[in-house]
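Novice: sequence and computational prediction follow.
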Amino acid sequence: VEQLTLENQRLRELLGMRERADTAAQGAQVLYDAADPYARKVVIDRGQAQGVVLGSPVVDERGVLGQVTRVYPMVSEVSLLVDPDQVMPVLNTRTGARYVAYGQPGPQGDGLELRYTLANADIREGDLLTTSGVDGVYPAGLPVARVTSVEHRADQTFARILCEPLARTDGVLHVLVLAPVTLPQAADDTAAAAVSTGETRP
């Protein structure tokens, strides 16, 4: 009973996240973790047949979980935002400053790092980071992480800033797959239409 109650609560919160995203979305279930021990990826039960496209953002009830990086007919692979190959532009809701968050897995726990941030930048522990929307993939305003550590060194130009993702990157079951803000095929369709009508642009 407790398990069902918790699952129902998370599903209700997931519906709230869907309304907040303000974009087309579909529910999916995480089937299993990917086999690669050096990556942070999961496989979901939605694929090309359900309209999932490459680059689709994936969120849980708390925030951004990752991005679809491989699509198969019936399943898709999602790279979690803590995967070492994941990079995401984020916004500090307190100051409005934009940063770039990199996946930072580690033995002490997986997280994010804001690299190349100047040592004098106005950023504090506890600051909330959200998607900025400038990448054309993630809708703006989705919760991403909170700053947990800001380390300044006198001999370094950049500060070392670590963040904890808000999404449950370990043990998540139900997720939402969002449509990318800019669909990957949109540019190809526009180009194909221009060729068929004889219109070209430099």
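Specialist: It's in. Numbering: from 1, shown residues only.
Novice: tell me how far Cys163 lies from Arg98.
Specialist: The gap separating Cys163 from Arg98 is 14 Å, by CB to CB, to the nearest Å. C-beta: built from backbone N, CA, C; applies to glycine.
Novice: which one of those two has more residues nearby?
Specialist: Per other CB atoms under 10 Å, whichever of Cys163 and Arg98 has more neighbours is Cys163, with 28 against 12.
Novice: send the alpha carbons of stretch 75-94 over as PDB?
Specialist: C-alpha atoms of stretch 75-94 as PDB (Å, rounded to 0.1, in the frame of the first residue of the first chain):
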ATOM      1  CA  VAL A  75      12.800   1.700 -27.000                       C
ATOM      2  CA  SER A  76      15.100   4.600 -26.600                       C
ATOM      3  CA  GLU A  77      18.300   5.300 -24.700                       C
ATOM      4  CA  VAL A  78      18.500   8.300 -22.400                       C
ATOM      5  CA  SER A  79      21.800   9.800 -21.400                       C
ATOM      6  CA  LEU A  80      21.300  11.200 -17.900                       C
ATOM      7  CA  LEU A  81      22.400  14.800 -17.200                       C
ATOM      8  CA  VAL A  82      25.200  13.400 -15.000                       C
ATOM      9  CA  ASP A  83      26.700  11.400 -17.900                       C
ATOM     10  CA  PRO A  84      30.300  12.700 -18.600                       C
ATOM     11  CA  ASP A  85      29.300  13.500 -22.200                       C
ATOM     12  CA  GLN A  86      26.300  15.600 -21.300                       C
ATOM     13  CA  VAL A  87      26.500  19.400 -21.500                       C
ATOM     14  CA  MET A  88      23.600  21.800 -20.700                       C
ATOM     15  CA  PRO A  89      23.100  25.500 -20.600                       C
ATOM     16  CA  VAL A  90      21.500  26.600 -17.300                       C
ATOM     17  CA  LEU A  91      20.300  29.800 -15.700                       C
ATOM     18  CA  ASN A  92      20.800  30.900 -12.100                       C
ATOM     19  CA  THR A  93      17.300  32.000 -11.000                       C
ATOM     20  CA  ARG A  94      18.600  34.300  -8.300                       C
END
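Novice: which parts of the protein are helices?
Specialist: 2-21, 184-196 (DSSP state H).
Novice: which of those helices comes out lowest on mean pLDDT?
Specialist: Here the lowest mean pLDDT among the helices of the chain goes to helix 184-196, at a mean of 39.
Novice: so what's the spatially most central residue of the chain up against?
Specialist: Relative to the mean C-alpha position of the chain, the nearest C-alpha, by CA atoms, centre = their mean, is the one of Gly66, at 3.5 Å. Listed by CB atoms under 8 Å, 6 or more residues apart in numbering, the contact partners of Gly66 are Arg40, Lys41, Val42, Pro57, Val58, Val78, Ser79, Leu80, Leu81, Asp83, Gln86.
Novice: recalculate using a threshold of 7 Å.
Specialist: Neighbour list for Gly66: Val58, Val78, Ser79, Leu80, Leu81, Gln86 [criterion: CB atoms under 7 Å, 6 or more residues apart in numbering].
Novice: perfect, that will be all.
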